[in-house]
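1. Quick one, structure for this:
(one chain, ligands or ions: 1)
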Amino acid sequence: MTAFRTVAAPRLFGAGVAGIGLSLLPRSKYIYLRSSASSQKLSPHFSRYASRHYSISPSDPLYKSMEPFTYTQNPSRVIFGSGTLKQLPAELTRQNLSKPLLLSTPEQVSHAENVKSLLTDFTVAGIFSRATMHTPTEITDEALEYMKSTAADCLISIGGGSTIGLGKAMSIRTGLPHICIPTTYAGSEMTPILGETAAGVKKTRSDPKILPGTVVYDVDLTMTLPVGMSSTSGVNAIAHSVEALYATNANPITSHLALEGIRALAVSLPQIVASPQSPEARQLALYGAWLCGGCLGSVGMSLHHKLCHTLGGTFNLPHAQTHTIVLPHALAYNFPKLKPDVQKRLGDAFPDSNGDPVVGLNVLLDKLGVEKGLKAYGMKEEDIDKAADIAVSNPYANPRTVVRDEIREVIRRAWAGEPAKQDL
Ligand code: NAD
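-> Okay, here's the model as predicted:
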C-alpha cells in the first residue's frame, strides 16, 4: 500500500432523492445526486467488478435490492503511510499555522518530543503531557490554562483516544484547528464525538465541529504499541464496524468500509501478535482502524457500545479491554435479529468463522490470547445486576429488543469469561 491522502464530503443516493437534494443545494456545494430508478439494470461490467471486489453474487440480497439512503461523509483530510509524520510541517504551512501546542499522555512525551524536533521552522507553543483516559474536564481546564500563556494557534494531539479526546475538548472550546496523529486503533480521530468526565460522570456529545480537520496516520508510530494493547485496541475498532452494519442509518458505503475494516484487522492482528514489528501487518491494522473509526463517526451504535459505556463508566474498567471482552457476547445476542445479508457478509468477514461471526470472533480472541473475563479487571459479581439495570434504563436503537434478564446473562458471561454462544 503506498502512502495517500483523502478529503471527503456528504452524499445522497436513491430513487427520488432529487427532491431532497434540490432543497439542500443552496446550503451545500457538496451534494451529488444519482437516481437508482434510472440505473436499476446493472451492466455486465459492474456485475463482474462487484463480484470480484465485494463478494456480491446475483443471489446476494444487496445485488437485488438496495434501499434508499442518506450518507454524510465526514470531511477530514487523511494522510496515510509509513513516515508520513515528516509531512506535518508541510501540513501546518498549508493551513497557514505557525504555533502549535502539542498534546500527549505522560507515557508518550517522547512521541511529542519527536514531533517537536520536526518543527524547527515553527514556534512550538509547548507540550502538555497530562492527557488522561475518559477526558476529565479538570485536565482540560488545566490544559486550557496552560495554553492561555502560549498564544498557540493550533493543537496537535499525538497518541490514542485519550490524547485525541483532550485535543477535541480543547478545540471545541477554543475553535483552534486540531491535527491528530493517532498511535492506537481506537478510531476517535475519525469521529465528531467527544466523551468527557465531570465529577465522575461521563457524558458524550456529537458536533461536526469536534471532528479533527487533519489526521496523519504514520504506521511507524504504532510499532511501539504493546502487543496486548494492539490486540484489544484493534478489537475495539472491529466493534465499531460490527455495530455499523446493523445501525438504523446503515448504508452501503459504511457497510463496505465496515467489512473492509473488519477483514483488515481480523487478518493483521494475529500477525502482529506473532510478529509485532511486521510493517505489513501494522500497516493493514492501521488502515482497518481508520475505516472502522470512520464507521463510528458516520452511523449510530447500539447494544455493544452502550454496554461498554455503562461498564467502563460505572466500574472504571479499561476501555479497549472491555470492548474486546463484550463484543462476542453482544453480537451473539443481536445476531438472530440481523438481516440475512448482514449475517452472511459479517460471517464472511472473519477468517475461520465457518459463516458464523460469533465463532469467528471467539477464534480471533483465542489467537490474540487476550483476557476474556471482566472479573480480571476488578468487576465484582454483585456488579452484574447493577450493570444490567443501567443497561436497560435508557432505551436506544438495537436490532433485538433489550430484555433485562437476557442482558444480565450477556453481562454475566462477559464477566465470567465464558465463550460467547447464540443460545439466548
Ligand atoms: P489510550 O489513548 O488511553 O492509550 C492507552 C495507553 O497506551 C496510554 O498510556 C498511551 O499513552 C499508550 N499508547 C498509545 N499509543 C501508543 C504507542 N503507539 N506506543 C506506546 N504506547 C502507546 O487508549 P485508547 O484505547 O486509544 O483510547 C481510549 C480512550 O479513547 C477512552 O477514553 C475512550 O472513551 C476514547 N475513545 C473515544 C472515541 C470517540 O469517538 N470519541 C473513540 C474511541 C475511543
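
2. Let's see stretch 282-298 as PDB, backbone CA atoms only.
-> Taking C-alpha atoms only, stretch 282-298 is exported to PDB below (Å, rounded to 0.1, in the frame of the first residue of the first chain):
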ATOM      1  CA  ARG A 282       1.000  -2.800  11.300                       C
ATOM      2  CA  GLN A 283       0.000  -1.000   8.100                       C
ATOM      3  CA  LEU A 284      -3.000  -3.200   7.400                       C
ATOM      4  CA  ALA A 285      -4.100  -2.900  11.100                       C
ATOM      5  CA  LEU A 286      -3.900   1.000  10.900                       C
ATOM      6  CA  TYR A 287      -5.800   1.000   7.600                       C
ATOM      7  CA  GLY A 288      -8.500  -1.200   9.100                       C
ATOM      8  CA  ALA A 289      -8.600   1.000  12.200                       C
ATOM      9  CA  TRP A 290      -9.100   4.100  10.100                       C
ATOM     10  CA  LEU A 291     -12.000   2.500   8.200                       C
ATOM     11  CA  CYS A 292     -13.700   1.300  11.400                       C
ATOM     12  CA  GLY A 293     -13.200   4.800  13.000                       C
ATOM     13  CA  GLY A 294     -14.900   6.300  10.000                       C
ATOM     14  CA  CYS A 295     -17.900   4.000  10.600                       C
ATOM     15  CA  LEU A 296     -18.100   5.000  14.300                       C
ATOM     16  CA  GLY A 297     -18.100   8.600  13.100                       C
ATOM     17  CA  SER A 298     -20.800   8.100  10.500                       C
END
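
3. Kindly state the pLDDT recorded for the residue in the chain that the ligand sits nearest to?
-> At 1.9 Å from the ligand, Gly161 is the closest residue in the chain, using C-beta to the nearest ligand atom. For every residue, glycine as well, the C-beta is placed using N, CA and C. Model confidence at Gly161, given as pLDDT, is 97.

4. show me what contacts it?
-> Shown in contact with Gly161 (C-beta atoms under 8 Å, 6 or more residues apart in numbering): 184, 186-188, 319.

5. need those residues in CSV with neighbour count, secondary structure and distance to Ile253, can you?
-> Output for the contacts of Gly161, formatted as CSV (neighbours: other C-beta atoms under 10 Å; DSSP: H, G, I helix; E, B strand; the rest coil; distance: C-beta to C-beta, whole Å):
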residue, neighbour count, secondary structure, distance to Ile253
Thr184, 27, coil, 25
Ala186, 28, coil, 22
Gly187, 29, coil, 17
Ser188, 27, helix, 21
His319, 22, helix, 27
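
6. The ligand next: which of those are close?
-> Among those, the ones lying near the ligand by C-beta under 6 Å from any ligand atom are 184, 186-188, 319.

7. hmm, back to that, quick one: the residue of the chain closest to the ligand and Phe122, what's the gap?
-> Distance of Gly161 to Phe122, computed by C-beta to C-beta, to the nearest Å: 26 Å.
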